[in-house]
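[1] Sequence first, predicted coordinates after that:
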Amino acid sequence: MDARVVVPQQDRGGKLKNEAAQQRNRRVLGDIGNVEAVQVVEGKPHAHISRPITRRYHAQLLAKAKAASENNENLVAQGFEDKVAVNKKFPAKAQKKAVGKRIPEDVVVISDDNEVENAKTTNPRERSSRREVKTLTSILTARSKAASELSIKPKGLIVDVDAADVDDELAVVEYLDDLYKFYKLTEDESRVHDYMGSQKDVNSKMRSILIDWLMDVHKRFELMPETIYLTVNIIDRYLSMKNISRKELQLVGISSMIIACKYEEVWVPQVNDFICLSDYAYTGNQILVMEKEILQKLEWYLTVPTPYVFLVRYIKASVSPDQEMENLVFFLAELGIMQYPTVILYSPSMLAAAAVYAARCTLNKIPFWSETLKHHTGYSEEQLRDCSKLLVQFHLNAAGSNLQAVYRKFSRPDRGAVAYLTPAKNLLAQCSSN
């Protein structure tokens, strides 16, 4: 409480000035119920102290007054005969030393009752030692806490992957951690669960054929990599909400890619281009009607964290990855989103982390999983093994599969021909043995 209390003054005749005003002030303070007056030691003259009487200072004054009364008894009990003799020889000096600072009279203090009571009952020597001296227990506790924090997050082993981008305003380094925490929290909102049981005329194999065809369309139009991931997300979310016939499946795929292009691309392919690629199976009006229906079903909710969002971050967390490493990660991730079980069983962030882990195992990057990757992904090596095993199995079967779009794409020299790399069979053996 920041109330300023007026201390009543005495004149030479001993009468109070402004008696009526002082009584009003005291009546108001009396209503508060926490008025406290400090008594002065007898035989000492009154002195005006300009220092404000705070709660802490008031507690110090009470403690010193109590210590003065117990001083002689404590000295005799402890056997300090020499100090007792000095006090007897110089009583004025002993009295001055025991009393300390003079305490004013008629000082009104507004303080907490509990705080004043604690100040009266607590030994002043114990209170002062707690403030000034650190006990052995507190030191050991602090060291134990520091050691436990180091064991949980070994900061020396976590590399600052954003150090090179601090001066780049477009990198928004100061917001990255918060952004990816938000992505992890909201990824389940746009994640679909097993919906093929509700589809009567469509199965998971048809879905894979559709995604494989869209991969070729994506490559022919030279679209951004974000577009194909958003396209797959839109398709799965719509199919989880609406039952469609087999003839409408390709129409859903075309309309979903047009929506994704409008969201991600600077240059958007025309509807007539998709009509030609679909061999005139649908008219332009059918595509536009389906596009509108999809947006209504999804409630125009298109800003979702796809696996691509996490792939970019996790590849960077690999610490100076080369181009071969980056191409292999995207190869495994695109094999993953093309298969229905991978999308249903694993979240986008786990799929991205598993692609990075499988790529490091394939390229024999030691260690396979570092503290930096664990810190940024939030997944341990054990949590990623099942999903990584699935991606490596897709890599192993890619050459002989009927769905060749992703395999052809990453067999080209501009992609480092990473599809020809030997899959991480040691990871498969390790997972099967466990």
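    Noted; the coordinates are in hand. Numbering: from 1, shown residues only.

[2] Could you pull out the helices in the stretch 251-400 of the chain for me?
    271-277, 284-298, 307-316, 323-338, 340-345, 348-362, 371-377, 381-397 (DSSP state H, counting those that start in this stretch).

[3] And for the third one, what's in contact with it?
    Residues outside helix 307-316 that contact it (Cβ atoms under 8 Å, 6 or more residues apart in numbering): 161, 176, 180, 183, 225-226, 229-230, 321, 325-326, 329-330, 333, 336-337, 348-349, 351-353, 355-356, 373, 376-377. To be clear about C-beta, it is placed using only N, CA and C from the backbone, and glycine gets the same treatment.

[4] Please convert the buried members of the residues you listed into PyMOL selection syntax.
    Selecting only the buried members of the contacts of helix 307-316 in PyMOL, with burial defined as 16 or more other Cβ atoms under 10 Å, works like this:
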select buried, resi 161+176+180+183+226+229+230+321+325+326+329+330+333+336+337+348+349+351+352+353+355+356+373+376+377
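
[5] circling back to that earlier point, need the helices of the stretch 251-400 of the chain in a markdown table with mean pLDDT and distance to residue 414, can you?
    Output for the helices of the stretch 251-400 of the chain, formatted as a markdown table (pLDDT from 0 to 100; distance: least, Cβ to Cβ, whole Å):
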| stretch | mean pLDDT | distance to residue 414 |
| --- | --- | --- |
| helix 271-277 | 92 | 22 |
| helix 284-298 | 95 | 31 |
| helix 307-316 | 93 | 18 |
| helix 323-338 | 94 | 9 |
| helix 340-345 | 92 | 26 |
| helix 348-362 | 94 | 18 |
| helix 371-377 | 90 | 27 |
| helix 381-397 | 93 | 19 |
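
[6] Please identify which of those helices is closest to residue 408.
    helix 323-338 (11.2 Å; Cβ to Cβ).

[7] Give the other helices and strands that that closest one contacts.
    helix 204-220, helix 225-239, helix 307-316, helix 340-345, helix 348-362, helix 381-397, helix 405-409 (3 or more Cβ pairs under 8 Å, 6 or more residues apart in numbering; DSSP states H and E).

[8] Deepest in the core, which of the ones you listed is it.
    Burial of the helices and strands packed on helix 323-338 is given as mean neighbour count (mean count of other Cβ atoms under 10 Å); helix 348-362 ranks first at a mean of 27.

[9] Tell me which other helices or strands it touches.
    Counting contacts by 3+ Cβ pairs under 8 Å, 6+ apart, helix 348-362 is packed against helix 307-316, helix 323-338, helix 371-377, helix 381-397, helix 425-433.

[10] Flag the shaky bits of this protein, pLDDT-wise.
    For the chain, applying pLDDT under 70 flags the ranges 1-55, 57-58, 68-156, 429-434.

[11] domains in it, as residue ranges please.
    Listed by automatic domain parsing, the domain ranges of the chain are 19-132, 174-298, 307-433.

[12] For the ones you listed, could you give me CSV that also reports distance to residue 167?
    Listed next are these as CSV, based on distance: least, Cβ to Cβ, whole Å:
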stretch, distance to residue 167
domain 19-132, 45
domain 174-298, 12
domain 307-433, 17
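
[13] tell me the most buried of these?
    Of these, domain 307-433 is the most buried (mean count of other Cβ under 10 Å), at a mean of 19.

[14] quick one: residue 160 is in a helix?
    No: using DSSP: H, G, I helix; E, B strand; the rest coil, the assignment for residue 160 is coil, not a helix.

[15] I'd like to know which of the helices of the stretch 251-400 of the chain lies nearest to residue 56.
    Nearest to residue 56 among these is helix 371-377 (43.7 Å), distances taken as Cβ to Cβ.

[16] Go ahead and name everything in contact with the closest one.
    Here helix 371-377 makes contact (Cβ under 8 Å, 6+ apart) with 153-154, 157-159, 161, 180, 310, 313-314, 317-319, 349, 352-353, 356-357, 380-381.

[17] The same query, at a cut-off of 10 Å, please.
    Residues outside helix 371-377 that contact it (Cβ atoms under 10 Å, 6 or more residues apart in numbering) are 153-161, 176-177, 180, 184, 310, 313-314, 316-319, 349-350, 352-354, 356-357, 360, 367, 369-370, 379-381, 383-384.

[18] and what of stretch 268-275?
    With contacts defined as Cβ under 10 Å, 6+ apart, stretch 268-275 is touched by 217, 220-221, 223, 227, 250-251, 253-255, 257-258, 260-262, 276-277, 281-288, 291.

[19] okay, the helices and strands packed on helix 323-338 in a markdown table with distance to residue 193 next?
    Formatted as a markdown table, those follow (distance: least, Cβ to Cβ, whole Å):
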| stretch | distance to residue 193 |
| --- | --- |
| helix 204-220 | 14 |
| helix 225-239 | 10 |
| helix 307-316 | 17 |
| helix 340-345 | 6 |
| helix 348-362 | 14 |
| helix 381-397 | 16 |
| helix 405-409 | 24 |
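
[20] hang on, residue 398 packs against residue 407?
    Yes: using Cβ atoms under 10 Å, residue 398 makes contact with residue 407 at a distance of 4.5 Å.

[21] Common neighbours of these two, please.
    By Cβ under 10 Å, 6+ apart, the residues touching both residue 398 and residue 407 are 331, 335, 419.

[22] Name the nearest of the residues you listed relative to residue 342.
    Checking the shared contacts of residue 398 and residue 407 against residue 342 with Cβ to Cβ, the nearest one is residue 335 at 8.3 Å.

[23] what's near enough to touch the residue lying closest to that closest one once chain neighbours are set aside?
    Closest residue in space to residue 335, ignoring its immediate chain neighbours: residue 394 at 4.2 Å, by Cβ to Cβ, 6 or more residues apart in numbering. By Cβ under 10 Å, 6+ apart, residue 394 lies in contact with 331-332, 334-336, 338-339, 342, 358, 401, 406-407, 423.

[24] Pick the one among those residues closest to residue 203.
    residue 339 (12.9 Å).

[25] residues contacting the closest one?
    By Cβ under 10 Å, 6+ apart, the neighbours of residue 339 are 204, 207-208, 211, 345, 390-391, 393-394, 403.

[26] Residue 358 too?
    Contact partners of residue 358, counting by Cβ under 10 Å, 6+ apart, are 328-329, 331-333, 335-336, 368, 384-385, 387-395, 423-424, 427.

[27] just residue 291 next, same as before
    251-252, 254-259, 262, 271.
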